[in-house]
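[1] what follows is a predicted protein model with its sequence.
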Amino acid sequence: MTDGDLLGEAVAELYSSDPDEFVERRGALVARGREAGQAPAAKQIAALRKPTRSAWVVNRLVRADPGVTAELAELGEELRAAQDSLDGSAIRELSQQRRELIESLVRRAFTVVGVSAPPAAIRDEVTATLSAALADQQFADTLAAGALVRAVQAEGFGPVGRPTLTVVRGGGSGVKTAGTGREAGGARAPRGKTAADARSRAPAAPSPDQLRAERERRHRAAVAEAEQAASEASRAADAATAAEHELEATVQRLEEELADGREALASARSQARRARTRQRSAQQALDRLRG
């Protein structure tokens, strides 16, 4: 077995297994690699990072169904094309398809790991990660490897270029600006230019093409904001519906228990009446014998 084979098997095992077992399994795999004389592979395995539980859920989904990332990327490409052409009807239809696809994949993901009632925080992180894969083709390709370490969130759908992706983790935002290759922040002014030089250059009036591009940019941003608001409202509605169903089940169970209790009480009262009747009859018989 080559170093690459050993590393590949280790990645498949570690990122498919429960995160609670990650450290122990990684140690065993490192020891096996060293015993086999494959020190470079053992070193690489030792450097593998433990996934969060939400990342593990997504990894299990894409490993169980490799077509998931292609499905996300295809719909994302259609939605970007609709936004570029400012086709409002197509955007609305594809946005609905996106919500339905993400909700379906989230349900499938937790079914794969055997969790019927996932915590809201983990469910939200899984939803955000799958949405990010739909918004960013490059991230979808990364996700296909099934070795995600942290949940990822896309800030908007990314109407202009690729969206900003944020690594979801405790402490620190881990923000990177996709497609720019530099840290977010203001641009530096060119050196050697004085304030007088800057004031001497009057700003040129925007051209019709620039104005049209700006309107399109604002429209796309508004669409992305509206989609995010709709997605958040949809999640809130799902949570409220789930809570409603849970309360309905609780009320139904209590009503059934109350009905059972009333039936038991009625039976007990009937038995008590019969017992008292028998007691009176016995007492009367005893009194007659004594008399």
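    Cool, the structure landed.
[2] check whether the closest residue in space to residue 120 that isn't next to it in sequence sits in a helix, strand or coil.
    Excluding the flanking residues, the one nearest residue 120 by CB to CB, 6 or more residues apart in numbering is residue 239, at 6.7 Å. For every residue, glycine as well, the C-beta is placed using N, CA and C. Following DSSP: H, G, I helix; E, B strand; the rest coil, we place residue 239 in the helix state.
[3] what is the neighbour count of residue 239?
    13 (other CB atoms under 10 Å).
[4] check residue 76 too.
    Using other CB under 10 Å, residue 76 has 24 other residues around it.
[5] from residue 96, how far off is it?
    Separation of residue 76 from residue 96 (CB to CB, to the nearest Å) stands at 14 Å.
[6] cool, and residue 65?
    With distances taken as CB to CB, residue 65 is found 22 Å from residue 96.
[7] cool, and residue 103?
    11 Å.
[8] cool, residue 48 as well?
    Taking CB to CB, one finds residue 48 at 39 Å from residue 96.
[9] those two: which is more packed in?
    Neighbours were counted for residue 48 and for residue 96 using other CB under 10 Å; residue 48 has more, 18 against 11.
[10] which SS state does that one fall under?
    Following three-state DSSP, the label given to residue 48 is coil.
[11] ends of stretch 35-54, what's the gap?
    End-to-end distance of stretch 35-54: 33 Å, with CA to CA, to the nearest Å as the criterion.
[12] show me what the mean pLDDT comes to for stretch 215-226.
    Mean pLDDT, stretch 215-226: 78.
[13] low-confidence stretches in the stretch 51-200 of the chain?
    Residue ranges of the stretch 51-200 of the chain with pLDDT under 70: 155-200.
[14] ok, which stretches of it are helices?
    For the stretch 51-200 of the chain, applying DSSP state H, counting those that start in this stretch gives helices covering 53-64, 67-84, 88-112, 120-135, 137-143, 195-200.
[15] who's in contact with the residue most central in space within the chain?
    Closest to where the C-alpha atoms of the chain average out (CA atoms, centre = their mean) is residue 126, at 1.6 Å. The contact partners of residue 126, taken as CB atoms under 8 Å, 6 or more residues apart in numbering, are 54, 57, 58, 106, 109, 110, 118, 151.
[16] state the number of residues packed around the second one.
    Read that as residue 57. Neighbours around residue 57, by other CB under 10 Å: 25.
[17] so how far is residue 258 from it?
    Taken as CB to CB, the span from residue 57 to residue 258 is 39 Å.
[18] and if you look at the fourth one?
    With distances taken as CB to CB, residue 106 is found 36 Å from residue 258.
[19] looking at the two, which is more packed in?
    residue 106 (23 against 10).
[20] hmm, that one is touching residue 130, no?
    Yes - counting by CB atoms under 8 Å, residue 106 touches residue 130, with 6.7 Å between them.
[21] distance from stretch 52-71 to the middle of the chain?
    The chain centroid and the centroid of stretch 52-71 are separated by 11 Å under CA atoms, centre = their mean, to the nearest Å.
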